[in-house]
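> Dropping the sequence and predicted coords here.
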Amino acid sequence: MLRHVIAPSSGWTKASHAVVRDRRMNSDAKILLLYVQGLPESATGRPLGELARKLEMKGRAYQQAKKQLIEHGYVHEWRGQGDGGRWVTEQLFTNTPLTRDEARAVRARLSPEAAGPTRAERPSAPQPSAQYPTVGEPTPPSAGGYVPEEEHVDENTPHPPSEAEPEPDPEPEPDPKPGPETGHRPTPAQEPGAEATPPPRRPSPQLTRAERVLLSLRHTRRELLLGVGEARALAVEAAKWLERGLTESELRHALLAEPPKGGVRSAVGFLRHRLTHKCPVAPAPVAPPEPPPPPVRALITCTSEAEEDHVFRPLGDETECADCRRATAYANWMVDTDTFDFPPDMTWRQRFVAVAKADALRGEPA
């Protein structure tokens, strides 16, 4: 490598090889160190951050450079509270690394009044002793030469009682029982018509569950943050969803699904609109189940006097089949009316049984 170096005759700054070749500090820390080192005495009253902004060193870059300068002993800071109560930060800049004790000694030499203990390090003042004032006695405060006047209780009474004429001392009587005649009015709780204040009503389980779901929405979407009062007002509409058979997870999914593209401007308005317009339809009332069919009874033999035995399935406690019972009823009608007319829908078997029974009722042989 070829090198052409000309030493400047003016406007230069001495830089130590230990600073230039130090690998523990980055280029920003070295440039800031050399820049502050070459400033005149008139610029020493400015903070280090303001000087770094002149080098376009801001934000993270400045914080990293300052941290390295403090760690390696080139910059020292003291923060304390002055006599006026304001917090002040004093910075010491050096081009050679110093320990904390060495920096404190340099600070004491450069600024003797600032080297004293800060307000936080000063010993607490002694407690005041219990002594009387040196001169005079304590006096009450005066306001505008006003002299307080003697307070007259009788003059402050809004309705002073009238002077009663002297009366002879009455004979002592026993104290009457308190009542309306003695002027003692019962308290509102003792009045017969007074009603006790009802205790506050506890919210229903659905309202409590709905309010818990609404307050938990902020954990998924920060823009749906609700206050306790807002969630309690919306819980009335949300409880209707739970009363219609939805679970808490289904209600939460319905409120979080399909968020608007432009975001939510008002969490209360968005949730109220969704709870009102997307509320599921109430399920139709379930019809009561139909009663089970009656059990099928076993076949029995008809007890009527028929030529052939036959069986039937009874519906109740009857012992004759339907045809035989109809024939019996028609036989009684034939005997009462003395007629042999048969209805057209009557089968031949029913007619035969009816005639046989009618003859038996008349006492005629079959």
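Arrived safely, thanks for sending. Everything numeric here is computed off the predicted structure, so don't read it as measured data.

> what secondary structure does Arg202 sit in?
coil (DSSP: H, G, I helix; E, B strand; the rest coil).

> Sorry, wrong one. I was asking about Trp78.
strand.

> Spell out the residue ranges of the helices in the chain.
Using DSSP state H, the helices assigned to the chain run over residues 17-20, 27-37, 48-53, 59-71, 100-110, 153-156, 205-215, 228-243, 248-256, 267-277, 322-337, 348-362.

> Spatially central residue for the protein, please.
By CA atoms, centre = their mean, the chain has its centre lying nearest to Val228, at 4.2 Å.

> any idea how far Arg212 is from that one?
Counting by CB to CB, to the nearest Å, the separation of Val228 from Arg212 is 11 Å. To be clear about C-beta, it is placed using only N, CA and C from the backbone, and glycine gets the same treatment.

> What of Phe342?
81 Å.

> Tell me the pLDDT of the residue nearest to Thr99 when sequence neighbours are not counted.
Leaving aside its sequence neighbours, Thr99 sits nearest to Gly73 (CB to CB, 6 or more residues apart in numbering; 6.5 Å). According to the prediction, Gly73 has pLDDT 88.

> Likewise for Leu215?
90.

> and it, how many residues sit next to it?
18 (other CB atoms under 10 Å).

> do the same with Lys240
Around Lys240 there are 16 residues (other CB under 10 Å).

> again with Ala103
Using other CB under 10 Å, Ala103 is surrounded by 19 other residues.

> quick one: low-confidence ranges for this structure?
1-7, 9, 112-201, 306-307, 364-366 (pLDDT under 70).

> Format the helices of the chain as TSV; extra columns: distance to Gly80.
Shown next, in TSV, are the helices of the chain (distance: least, CB to CB, whole Å):
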stretch	distance to Gly80
helix 17-20	30
helix 27-37	23
helix 48-53	17
helix 59-71	17
helix 100-110	12
helix 153-156	57
helix 205-215	46
helix 228-243	44
helix 248-256	52
helix 267-277	46
helix 322-337	118
helix 348-362	126
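
> Tell me which of the ones you listed sits nearest to Pro289.
Of all the helices of the chain, helix 228-243 sits nearest to Pro289, with 23.7 Å by CB to CB.

> so how far is stretch 258-270 from its chain's centroid?
Remark: stretch 258-270 is offset 19 Å from the chain centroid, using CA atoms, centre = their mean, to the nearest Å.

> whoops, stretch 303-320 was the one
On CA atoms, centre = their mean, the centre of stretch 303-320 falls 77 Å from the chain's centre.

> same check, this time on stretch 74-91
Worked out by CA atoms, centre = their mean, stretch 74-91 lies 45 Å from the chain centre.

> How about stretch 253-261?
20 Å.

> swap in stretch 315-333?
With CA atoms, centre = their mean, you get 77 Å for stretch 315-333.

> surely Glu318 meets Cys324?
No: shown here, Glu318 and Cys324 do not form a contact pair, counting by CB atoms under 8 Å, at 9.7 Å.

> okay, those two: which has more neighbours?
Cys324 (23 against 14).

> Next up, the contacts around the residue nearest to Arg232 when sequence neighbours are not counted.
Excluding the flanking residues, the one nearest Arg232 by CB to CB, 6+ apart is Glu211, at 5.8 Å. Contacts for Glu211 (CB atoms under 8 Å, 6 or more residues apart in numbering) come out as 203, 231-232, 235, 238.

> want to throw those into TSV with distance to Gly11 and neighbour count?
As requested, the contacts of Glu211 are arranged in TSV below (distance: CB to CB, whole Å; neighbours: other CB atoms under 10 Å):
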residue	distance to Gly11	neighbour count
Pro203	81	14
Ala231	70	21
Arg232	74	16
Ala235	76	23
Ala238	76	28
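
> Out of the residues you listed, which comes closest to Trp12?
Of these, the one sitting nearest to Trp12 (CB to CB) turns out to be Ala231, at 70.5 Å.

> So what's the residue count around Arg212?
13.

> if I look at it, how far off is Leu256?
Computed with CB to CB, the distance linking Arg212 and Leu256 is 15 Å.

> count of residues packed around the nearest residue to Ala239 once chain neighbours are set aside?
Leaving aside its chain neighbours, Ala239 sits nearest to Gln206 (4.0 Å; criterion: CB to CB, 6+ apart). Using other CB under 10 Å, Gln206 has 16 neighbouring residues.

> Let me know whether Gln206 touches Glu243 as I believe.
Yes: the pair formed by Gln206 and Glu243 meets the contact definition of CB under 8 Å, at 5.7 Å.

> if we can go back for a sec, number of nearby residues for the residue nearest to Thr99?
Around Gly73 there are 15 residues (other CB under 10 Å).

> Report the contact partners of it.
94, 97-99, 103.

> which of those residues sit farthest apart?
Thr94 and Thr99 (11.0 Å).

> These two - which one has more neighbours?
Neighbour count, other CB under 10 Å: between Thr94 and Thr99, Thr94 has more, with 17 against 10.

> now that one: how far from Lys54?
In terms of CB to CB, Thr94 sits 20 Å off from Lys54.

> would you put the C-alpha positions of stretch 47-66 in CSV?
This file holds the C-alpha atoms of stretch 47-66, laid out as CSV (Å, rounded to 0.1, in the frame of the first residue of the first chain):
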residue,chain,number,x,y,z
PRO,A,47,-24.9,18.4,26.2
LEU,A,48,-23.3,15.5,24.4
GLY,A,49,-26.6,14.6,22.5
GLU,A,50,-26.8,18.1,21.0
LEU,A,51,-23.2,17.9,19.8
ALA,A,52,-23.9,14.5,18.3
ARG,A,53,-26.8,15.9,16.3
LYS,A,54,-24.4,18.2,14.5
LEU,A,55,-22.8,15.1,13.1
GLU,A,56,-26.2,13.7,12.0
MET,A,57,-25.8,11.1,14.7
LYS,A,58,-29.3,10.4,16.2
GLY,A,59,-31.4,7.6,17.7
ARG,A,60,-29.9,4.2,18.0
ALA,A,61,-26.5,5.1,16.6
TYR,A,62,-26.0,7.9,19.2
GLN,A,63,-27.2,5.7,22.1
GLN,A,64,-24.8,2.9,21.0
ALA,A,65,-21.9,5.3,20.7
LYS,A,66,-22.6,6.9,24.1
